[in-house]
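K.L.:
build me a model from this:
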Amino acid sequence: MNAKKLIALACLACMGLASGQEKLPTAADAPDDRPLGGFPGCTLAPAKDGCEERITCKGVGKLFGNTGTDLQDATDEAESEAQAALTKFYSNKVKAEQAIQSVSSSSSQSNAAGGNDVKNSAARLITKVRTQSSEAMLTGVAVLGRSVDWNQRAVTIKVGVSCKSQAAAARSQARANAGAAAGVAGGGAVPATAVPAGPAAQTIGPMNQRNFIQKNKNADDF
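P.N.:
Predicted coordinates for the structure are as follows:
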């Protein structure tokens with residue numbers, strides 16, 4: 001468990017972005033996302049800044065208890081499910097192409113003025129899915145948001161990958177490689193980062209079981 005997760009965990013009991021009695025939408029829904037048929041929970045986000053490849057998927061984890069550990073376990077399960085859904089999309093290339101083409105066709109019919117742009121965007125994305133390995137396509141997967149629904153005992157995580165997130169991952173990896181090379185050359189080791197203790201075993205009482213939605217920074221611009 002990393003420090004960021006522990007910091008988020010420490011705030012869970014006091015976060016109340018929505019009433020505990022309200023029914024929430026799933027994590028970070030976007031009205032313009034288009035469902036990808038055959039891949040439940042996965043959508044194609046509109047092209048942005050010249051990037052056609054903006055795929056998102058959701059996963060759900062079950063809350064079995066009322067402690068911080070239970071909430072973290074459900075979050076981890078939801079993230080794993082979302083990652084698996086995204087992997088399935090990029091691994092099943094024929095089915096993925098069909099889903100993208102279906103989105104393109106329906107978008108063109110509902111938006112005649114931008115029909116050619118939609119078709120061209122879809123064609124470029126299909127070419128990329130067809131020619132690149134699933135491993136390459138899955139670099140730079142980012143967590144975009146999370147929702148917690150205590151009434152349904154469920155946590156939903158939304159992940160996504162795009163041209164931007166892939167480029168950011170490549171830059172981060174290049175910096176990490178450079179830092180590792182410098183450490184080896186200098187004969188030093190990278191010091192371990194101390195992880196602060198968190199209230200993992202603390203019970204989250206009924207008064208603090210608030211439904212909420214978290215939307216990560218830059219989730220709309222991934």
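K.L.:
helices or strands up against the helix or strand encompassing residue 87?
P.N.:
For residue 87, the element it lies in under DSSP states H and E is helix 68-91. In terms of contacts (3 or more C-beta pairs under 8 Å, 6 or more residues apart in numbering; DSSP states H and E), helix 68-91 is packed against helix 3-11, strand 42-44, strand 54-62, helix 93-110, helix 134-137, strand 142-149, strand 154-162. C-beta here means a position set from N, CA and C on the backbone, and glycine is covered the same way.
K.L.:
next SSE after the fourth one?
P.N.:
If I follow you right, that is helix 93-110. Past helix 93-110, further along toward the C-terminus, the next helix or strand under DSSP H and E is helix 115-131.
K.L.:
re the thing from before, mind putting the helices and strands packed on helix 68-91 into CSV with mean neighbour count and mean pLDDT?
P.N.:
Converted to CSV, the helices and strands packed on helix 68-91 look like this (neighbours: other C-beta atoms under 10 Å; pLDDT from 0 to 100):
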stretch, mean neighbour count, mean pLDDT
helix 3-11, 14, 41
strand 42-44, 23, 92
strand 54-62, 23, 95
helix 93-110, 17, 85
helix 134-137, 15, 84
strand 142-149, 23, 94
strand 154-162, 25, 94
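K.L.:
between the ones you listed, which one is nearest to residue 170?
P.N.:
Closest to residue 170 of the helices and strands packed on helix 68-91, according to C-beta to C-beta: helix 134-137, at 10.4 Å.
K.L.:
so what does that closest one touch, helix or strand wise?
P.N.:
Where contact means 3+ C-beta pairs under 8 Å, 6+ apart, helix 134-137 is packed against helix 68-91.
K.L.:
buried set for the helix it packs on?
P.N.:
Neighbour-count burial for helix 68-91, counted by 16 or more other C-beta atoms under 10 Å, picks out 68-75, 77-79, 81-83, 85-90.
K.L.:
count the residues that sit near the residue nearest to residue 47 when sequence neighbours are not counted.
P.N.:
Distances taken as C-beta to C-beta, 6 or more residues apart in numbering place residue 121 nearest to residue 47, at 4.9 Å, with adjacent residues excluded. Applying other C-beta atoms under 10 Å, we find 22 residues neighbouring residue 121.
K.L.:
show the contacting residues for the closest residue to residue 103 other than its chain neighbours.
P.N.:
Here the nearest residue to residue 103 in space, its sequence neighbours aside, is residue 34; by C-beta to C-beta, 6+ apart that works out to 4.5 Å. Residues counted as contacts of residue 34 (C-beta atoms under 8 Å, 6 or more residues apart in numbering) are 43-45, 103, 106-107.
K.L.:
residue 222 contacts residue 53, correct?
P.N.:
No. Using C-beta atoms under 8 Å, residue 222 is not in contact with residue 53; the gap is 10.9 Å.
K.L.:
hey, what's in contact with both of these two?
P.N.:
Shared contacts of residue 222 and residue 53, defined by C-beta under 8 Å, 6+ apart, are found at residue 162.
K.L.:
who's the residue most central in space within the chain bridged to?
P.N.:
Centrality entry for the chain: nearest residue to the mean C-alpha point is residue 159, 1.1 Å, by C-alpha atoms, centre = their mean. Beta bridges link residue 159 to residue 57, residue 143 when assigned by DSSP bridges.
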